[in-house]
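Engineer: Give me the fold of what follows.
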Amino acid sequence: MMELMRVIYGPAEGDHVIATLRNQENPLREESYRLKPISMHELGANRVALVANGILEENQNPDRGTPGSMSVYLLNNRDGKWAVERRFENKASIGSYGQLGDVAWLELGEGKPGIGIDHSYASEGINVRQITLFDLAAPLMNPMSIYMHSIASDNDKACNAALPQCWNIQGKWRFERKEKQAYDDLVIDYTGYVETRPDRAPELAPRERSEVKSTVRYTYRRGEYFLVSGELPSVPGL
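Structural biologist: This is a model prediction of the structure:
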């Protein structure tokens, strides 16, 4: 992967390259990033996709609130030489501690390769996990899942007898193909529990536990995945 990064940016510094990229929120501003390749996938004969994780060069110790910056490159090999076909630099800020998360190479529909970034963050004892989807063939390759709920949420680390609500809900996501749809539906199966103390119950009274088992379905419309069926309990992060 570092060989391909050198094709894109030139000399490397160990396991990363230094590149000047445009700021996501202010395209007129350029910043220096440390870019490290984290995953590669073959798209066919002599063609690959490469995902790189970026962090501002000045940020040597990213904290929990610092996401990674995702860049994606499509390259092809002609006559034994790699060349950049398309590049999508600094397309999304995802994850925490300067890391994007886990990369999953997907088929979003028949003949439609894509990427899923499975990432998480924590805040005030609440842990949340999300999946962000990208279409490798899209002209701009923007996130397709900004309207999707999270795929997991819990407050295990903060839960104690004084809290009125504790929960742990985990989801497993999968794609389901439907006829006459260019993109597959995304289905998430949730299991877990929610414990809630009634409003007028004494402090430290036992919470009432409800088991969670539900399925939600998202369908692709106009560049995004939208919820079309299913409900989730009302807990922070979902």
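
Engineer: Which parts of this structure are strands?
Structural biologist: Secondary structure of the chain by DSSP state E: the strands cover 17-22, 30-44, 47-56, 68-78, 81-94, 102-109, 112-123, 126-135, 152-154, 165-176, 185-196, 208-221, 224-229.

Engineer: got JSON lines for the ones you listed, with mean neighbour count, distance to residue 143 and mean pLDDT too?
Structural biologist: Bear in mind the C-beta positions are built from the backbone N, C-alpha and C, glycine included. Listed next are the strands of the chain as JSON lines, based on neighbours: other CB atoms under 10 Å; distance: least, CB to CB, whole Å; pLDDT from 0 to 100:
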{"stretch": "strand 17-22", "mean neighbour count": "16", "distance to residue 143": "17", "mean pLDDT": "91"}
{"stretch": "strand 30-44", "mean neighbour count": "17", "distance to residue 143": "17", "mean pLDDT": "94"}
{"stretch": "strand 47-56", "mean neighbour count": "21", "distance to residue 143": "14", "mean pLDDT": "96"}
{"stretch": "strand 68-78", "mean neighbour count": "20", "distance to residue 143": "9", "mean pLDDT": "95"}
{"stretch": "strand 81-94", "mean neighbour count": "16", "distance to residue 143": "6", "mean pLDDT": "94"}
{"stretch": "strand 102-109", "mean neighbour count": "17", "distance to residue 143": "13", "mean pLDDT": "96"}
{"stretch": "strand 112-123", "mean neighbour count": "19", "distance to residue 143": "9", "mean pLDDT": "93"}
{"stretch": "strand 126-135", "mean neighbour count": "20", "distance to residue 143": "5", "mean pLDDT": "95"}
{"stretch": "strand 152-154", "mean neighbour count": "23", "distance to residue 143": "18", "mean pLDDT": "97"}
{"stretch": "strand 165-176", "mean neighbour count": "17", "distance to residue 143": "15", "mean pLDDT": "96"}
{"stretch": "strand 185-196", "mean neighbour count": "18", "distance to residue 143": "13", "mean pLDDT": "96"}
{"stretch": "strand 208-221", "mean neighbour count": "15", "distance to residue 143": "13", "mean pLDDT": "95"}
{"stretch": "strand 224-229", "mean neighbour count": "15", "distance to residue 143": "9", "mean pLDDT": "96"}
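
Engineer: what sits against the nearest residue to residue 176 once chain neighbours are set aside?
Structural biologist: Closest residue to residue 176 apart from its sequence neighbours, by CB to CB, 6 or more residues apart in numbering: residue 185 at 4.8 Å. For residue 185, the contact set (CB atoms under 8 Å, 6 or more residues apart in numbering) comprises 175-178, 217-220, 228.

Engineer: Kindly state the domain boundaries assigned to the protein.
Structural biologist: Following automatic domain parsing, the chain resolves into domains at 1-100, 101-238.
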